[in-house]
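Visitor: Okay, predicted coordinates and the sequence, questions at the end:
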Amino acid sequence: MSKIGFIGLGIMGAPMAAHLVRAGHDVTGYDVAPKGVDALVAAGGEAASGVPAAVAGAEVVVTMLPQDEHVEAVYFGPDGVLENAAPGTLCIDFSTIRPETSIRVAEAGRERGLRVLDAPVSGGEKGAQDAVLSIMVGGDEADVAAAAPVFEAVGRTVARVGGSGAGQYVKAANQLIVGGTYALVAEAIVLMEAAGVDARAGIDVIAGGLAASRILDLKRESMLDREFAPGFRIDLHHKDMGIATAAARSAGVSLPMTGMVAQLIAAARARGYGSLDHSALLKVVEDLSGR
Ligand code: NAD
């Protein structure tokens, strides 16, 4: 059992923190919004009034924040983790951010005697609720081993993929596959409906063949029903496509499909769908098709 400070109790963080409580850890959480803190208290954790209180006495600090600027504020800010965590603290950042930011956080942490891992996750809200996330980890091997009890409580598939920042490159690769899959599932639904075939039966039979995917398994019903409550917001996927595009540029590779998906997601935001689930790419394909 560890004493854990958990910062960022949103769609993903709240169920992850609750699983850590269930696994026997002593979890103190902080979020700028009260909803997630209330959920943690209801699950048996404790509320903190800010980052310093969340990390006070913690052996492990966990962060699950939306974007780079939030991670920078929480780590580098005047009341931040770097100022307040005790030397030796293991910091696990589950947020999806740019690899360069993860590297900067890890280097600054190292200078203060902290051990920082980037550990972005895949599996969505359902994966967090069911504690079956895939966790892609960058950082020192010994620190990854030390984080095992936390990873086991929230995830099922864990891999160390390299040093600091490496987890974020793998997450960028994951997100371009997820975005591309949603775009093509949306196109398949629009085609079947426009052709007047039974799209519901069609998508079911597709899900049993080579085109099977977890996205089809989990989201085909809600897409057919046009239910787009997040889940994973278009705004966050837009951020992730920016990370993937920048990573491709710095790696010197051409990813044409990623570029197209990034533009579709940008179109979704431009049409005002930013706070809907990323499955709302279906609405963009419908708009393009005049439907
Ligand atoms: P979210 O917006 O629901 O949760 C983030 C939480 O961080 C919010 O509750 C917000 O109030 C809090 N926060 C922001 N700034 C803060 C600060 N300075 N101090 C304390 N709390 C602060 O987002 P989410 O969907 O849980 O996603 C979190 C991260 O996980 C993102 O990087 C996202 O890309 C990634 N992710 C999300 C999913 C998903 O399906 N939702 C799946 C995999 C990865």
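Guide: Thanks, I have it. Numbering: from 1, shown residues only.
Visitor: Spell out, range by range, the strands that occur in this protein.
Guide: 3-7, 26-30, 46-47, 60-63, 90-93, 115-118, 121-122, 133-138, 155-162 (DSSP state E).
Visitor: Other residues contacting the fifth one?
Guide: This means strand 90-93. Defining contact as C-beta atoms under 8 Å, 6 or more residues apart in numbering, one finds that strand 90-93 is touched by 59-63, 65, 71, 75, 81, 85, 102, 105, 109, 114-119, 143, 146-147, 150. From N, CA and C alone the C-beta is placed, and that goes for glycine too.
Visitor: Listing partners with orientation, what would you give for that strand?
Guide: Based on DSSP bridges, the strands next to strand 90-93 in the sheet, each with its direction, are strand 60-63 (parallel), strand 115-118 (parallel).
Visitor: Ok, which of those comes nearest Ile243?
Guide: Nearest of these to Ile243, taken as C-beta to C-beta: strand 115-118 at 12.0 Å.
Visitor: how near is the residue lying closest to Ser222 once chain neighbours are set aside to Arg160?
Guide: Distances taken as C-beta to C-beta, 6 or more residues apart in numbering put Ser279 closest to Ser222, at 6.5 Å, once the chain neighbours are dropped. The spacing between Ser279 and Arg160, counted by C-beta to C-beta, to the nearest Å, is 31 Å.
Visitor: Looking at the two, which is more packed in?
Guide: Legend: neighbour count by other C-beta atoms under 10 Å for Ser279 and Arg160, higher for Ser279 (24 against 20).
Visitor: list the contacts for Glu69?
Guide: Listed by C-beta under 8 Å, 6+ apart, the contact set of Glu69 is empty.
Visitor: most packed of the strands paired with strand 90-93?
Guide: Comparing the strands paired with strand 90-93 by mean neighbour count (mean count of other C-beta atoms under 10 Å), strand 115-118 comes out on top with a mean of 28.
Visitor: Would you mind naming what in the stretch 101-250 of the chain lies close to the ligand?
Guide: Applying the criterion C-beta under 6 Å from any ligand atom, the portion of the stretch 101-250 of the chain that neighbours the ligand consists of 121-122, 124-125, 231-232, 236.
Visitor: give me that answer again for 8 Å
Guide: For the stretch 101-250 of the chain, the residues in contact with the ligand under the definition C-beta under 8 Å from any ligand atom are 120-125, 127-128, 133, 171, 230-233, 236-237, 239-240.
Visitor: Just to be sure, which of those residues are found in helices?
Guide: Using DSSP state H to define helices, the subset of these located there is 124-125, 127-128, 171, 236-237, 239-240.
Visitor: List only buried entries from those.
Guide: Burial by neighbour count, 16 or more other C-beta atoms under 10 Å: within those this picks out 124-125, 127-128, 171, 236-237, 239-240.
Visitor: still on that earlier bit, give the contact list for the residue nearest to Ser222.
Guide: 182, 185-186, 219, 222-223, 228, 231.
Visitor: Val27 too?
Guide: Contacts here follow C-beta under 8 Å, 6+ apart; on that basis Val27 touches 4-6, 17, 20-21, 40, 45-46.
Visitor: Look up how far Ala119 lies from it.
Guide: When Val27 is compared with Ala119 (using C-beta to C-beta), they lie 17 Å apart.
Visitor: again, but for Ala106
Guide: Applying C-beta to C-beta, the value for Ala106 to Ala119 is 11 Å.
Visitor: The two: which is more packed in?
Guide: In this comparison of Ala106 against Ala119, neighbours counted by other C-beta under 10 Å, the higher total goes to Ala119 at 31 against 25.
Visitor: which residue does the stretch 151-291 of the chain bring closest to the ligand?
Guide: Proximity to the ligand, evaluated over the stretch 151-291 of the chain using C-beta to the nearest ligand atom, is greatest for Phe232 at 3.4 Å.
Visitor: cool, and the stretch 1-150 of the chain?
Guide: Shortest the stretch 1-150 of the chain-to-the ligand distance, computed as C-beta to the nearest ligand atom: residue-wise this is Gly10, at 1.8 Å.
Visitor: Apart from its chain neighbours, what residue comes closest to that residue?
Guide: When the adjacent residues along the chain are set aside, Gly10 lies closest to Gly36, with 5.8 Å between them (C-beta to C-beta, 6+ apart).
Visitor: do the same with Phe94
Guide: Take Phe94 and drop its neighbours on the chain: the residue closest to it by C-beta to C-beta, 6+ apart is Met64, 4.6 Å away.
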